[in-house]
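Colleague: Give me the fold of what follows.
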Amino acid sequence: MDHTPMTLAELQRLFALPSPRATRAALRALGLRLRGRGVPQAALWQALGLAPGQTPEAAAALAAPLMKAAGVAALRGVDTETVHRWCREGSDRLPPPLRLGGPRRTRWIRAEVLAREG
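Modeller: This is a model prediction of the structure:
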């Protein structure tokens, strides 16, 4: 991954959030600030708990939009409430969610969810 900044619009798409305001709140929850043209990708991945030195294939997978509970539920073939229950219980069926600063701002990295399928 590189230091190319991600713009506010790119971050909004990545976080699957409805507005630039919600995206700025998510950045604050991660301890990041939008500066100049955006947020460096390396800083973003580090804030998400990911290693900054990824292969190009891994970087592309990680750049996919984050998943909401409904998307995780559809991918795993369960109800949305089951995903929320697994999250509350700390189940090993899912990777830990990313908390982006609000009750409806819990997201998962698709590559991590796929890696936990079993």
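
Colleague: For the residue nearest to Phe15 when sequence neighbours are not counted, what is the enclosing helix or strand?
Modeller: Excluding its sequence neighbours, the residue lying closest to Phe15 (C-beta to C-beta, 6 or more residues apart in numbering) is Ala26, at 5.2 Å. In this view, the C-beta of every residue, glycine as well, is placed from N, C-alpha and C. If you go by DSSP states H and E, Ala26 is part of helix 20-29.

Colleague: And the residue lying farthest from the centre of the chain, what's its pLDDT?
Modeller: Relative to the centre of the chain, the most outlying C-alpha is that of Gly36, 22.2 Å out, by C-alpha atoms, centre = their mean. Listed pLDDT for Gly36 reads 85.

Colleague: Next, name the residue at the spatial heart of this protein.
Modeller: The residue lying closest to the centre of the chain (C-alpha atoms, centre = their mean) is Leu66, at 4.2 Å.
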